[in-house]
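Q: For reference, the sequence and a predicted model appear below.
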Amino acid sequence: MDKKRKLTKNDNDDDDRDKTFDTVTNDNAISITEPFTTDTTIISARKAPKNNLPHIYIQPKKSKKRHLWLIPFVNGIMVIMACFVPYTISVSNGSIYPIWPLVSDAGAVTPAAGYFSTFLDIIAILTICVSIILSKQIRYYKWELLQRFKLDRPIDERNFNCLVLSRKIIKITSILISVGLFITGNFRSIENLTGHMIGVTIFLPSGLIYGFSLICVYLILDSYGIQSPPTMLIIVMMISLLSSIFCVVLTVLSLLKHGSIWQYYNNELRLQWNPTMSGYYLHVLGDVCEWITLLSFGPLNIIISRRFRMFKRWDCIKF
């Protein structure tokens, strides 16, 4: 005969709140209405997890919050549109040489500038929303790991501390990304290049740190069988990192071949750089690397969206 009991969560973290969860047990398995989950489907009690932590049956509740996956998905689409829509408008107007301008220069000339600024503002706001959801989700995972360790063995301090640190880094870098995007979008490169580059310098490194911190979180969760390995995310972030490095190197080389690094402040050169000018091919390669770097944040958000959609415990997340 089934017996009912209550489990009370007790977490020392100031961010976590005490909650009471109802469970129903029988001779064969454990049916739980709240905690202990993976982001795939119901896990067999006979399947041994990677780090020997208990896996048990779950019965996730439906929640309206399960549609939150749409936020990073829309953000990823916005990143792609922010690159191609201003470029298409500027090329059709003849404002830039079509092969191949910087993303910010393609969005610097009106009317494309209005679209570019609007896209970046929307992306900045959505990035903050995504980071809030990620923070809440990671806090839940932190609690879940604590409960699993209590059932099986002493807590793994290294992984636990790394999870907490990654959560803080994601929160801080998301704010820096948003601030950098606001500055980049509202200081056009042909009017205030210095201010524009300050914005780029803020959001681009912050975005890379944000992505690699997220990889760290997913690797820890994968080691306990909670999520799948972040293979695609690792590939995307490595491409983004390498292309950003090549972008800087090739851009500097193209300017030096043209005469001086200060030629970067020559708006006419950047907008109309063509094959008859020295350093053109290095310039094109550098610009292609910049496009790859910026476009990589689209797949990054879509990957986050997919993992949000697979997450089953939205009823445990409180906002």
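A: Nice, I can see it.
Q: from here on, contacts and neighbour counts on C-alpha atoms
A: Will do.
Q: how about the helices in the protein?
A: 70-93, 103-106, 112-152, 157-186, 193-223, 231-258, 267-272, 280-295, 297-310 (DSSP state H).
Q: So for Ile317, which of those sits nearest?
A: helix 112-152 (6.4 Å; C-alpha to C-alpha).
Q: any idea of the angle that closest one forms with helix 297-310?
A: Between helix 112-152 and helix 297-310, the angle comes out at 40 degrees (axes from the mean of the first three to the mean of the last three C-alpha atoms, to 10 degrees).
Q: elements contacting helix 112-152?
A: Under the contact definition 3 or more C-alpha pairs under 8 Å, 6 or more residues apart in numbering; DSSP states H and E, helix 112-152 sits against helix 70-93, helix 157-186.
Q: is it possible to export these to a markdown table including mean neighbour count and mean pLDDT?
A: Below are the helices and strands packed on helix 112-152 laid out as a markdown table (neighbours: other C-alpha atoms under 10 Å; pLDDT from 0 to 100):
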| stretch | mean neighbour count | mean pLDDT |
| --- | --- | --- |
| helix 70-93 | 20 | 92 |
| helix 157-186 | 20 | 91 |
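Q: Output those as CSV; include the columns distance to Ile302.
A: Putting the helices and strands packed on helix 112-152 into CSV (distance: least, C-alpha to C-alpha, whole Å) gives the following:
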stretch, distance to Ile302
helix 70-93, 5
helix 157-186, 16
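Q: Now do the phi/psi pair for Thr110.
A: phi -70, psi 150 (degrees, to the nearest 10).
Q: Neighbours of it, how many?
A: When neighbours are counted by other C-alpha atoms under 10 Å, Thr110 registers 15.
Q: got it, and the one 3 residues further on?
A: Neighbouring residues of Ala113 were enumerated by other C-alpha under 10 Å; the total is 24.
Q: list the contacts for the residue nearest to it when sequence neighbours are not counted?
A: Leaving aside its sequence neighbours, Ala113 sits nearest to Gly107 (C-alpha to C-alpha, 6 or more residues apart in numbering; 4.7 Å). Under the criterion of C-alpha atoms under 8 Å, 6 or more residues apart in numbering, the neighbours of Gly107 are Pro86, Tyr87, Ser90, Ala113, Gly114, Tyr115, Phe116, Ser117, Arg188.
Q: Distance of Val252 relative to Lys142?
A: To Lys142, Val252 is 44 Å away according to C-alpha to C-alpha, to the nearest Å.
Q: and if you look at Cys289?
A: For Cys289, the distance to Lys142 equals 37 Å [C-alpha to C-alpha].
Q: How about Cys129?
A: 20 Å.
Q: Could you list the low-pLDDT ranges of this protein?
A: Low-confidence segments of the chain, defined by pLDDT under 70: 1-63, 149-155.
Q: and the contacts of Gly107 as a markdown table, adding distance to Val79?
A: Converted to a markdown table, the contacts of Gly107 look like this (distance: C-alpha to C-alpha, whole Å):
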| residue | distance to Val79 |
| --- | --- |
| Pro86 | 12 |
| Tyr87 | 13 |
| Ser90 | 18 |
| Ala113 | 15 |
| Gly114 | 15 |
| Tyr115 | 12 |
| Phe116 | 10 |
| Ser117 | 12 |
| Arg188 | 18 |
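Q: so how many other residues sit close to Asp156?
A: Neighbour tally, Asp156, other C-alpha under 10 Å: 11.
Q: Apologies, that question was intended for Gly94.
A: 11.
Q: can you check Tyr264 too?
A: There are 17 residues near Tyr264, going by other C-alpha under 10 Å.
Q: Next: Ser260.
A: 12.
Q: For Val130, which non-adjacent residue is spatially closest?
A: Distance criterion C-alpha to C-alpha, 6+ apart; nearest residue to Val130, sequence neighbours excluded, is Pro72 at 6.1 Å.
Q: so who does the one you found touch?
A: Leu126, Thr127, Val130, Asn301, Ile302, Ile304, Ser305.
Q: cool, Leu204 as well?
A: Contacts of Leu204 by C-alpha under 8 Å, 6+ apart are Ile177.
Q: Relative to Gly114, how far out is it?
A: Going from Leu204 to Gly114 by C-alpha to C-alpha gives 21 Å.
Q: now Met310
A: For Met310 relative to Gly114 (C-alpha to C-alpha), the value is 36 Å.
Q: No further questions, thank you.
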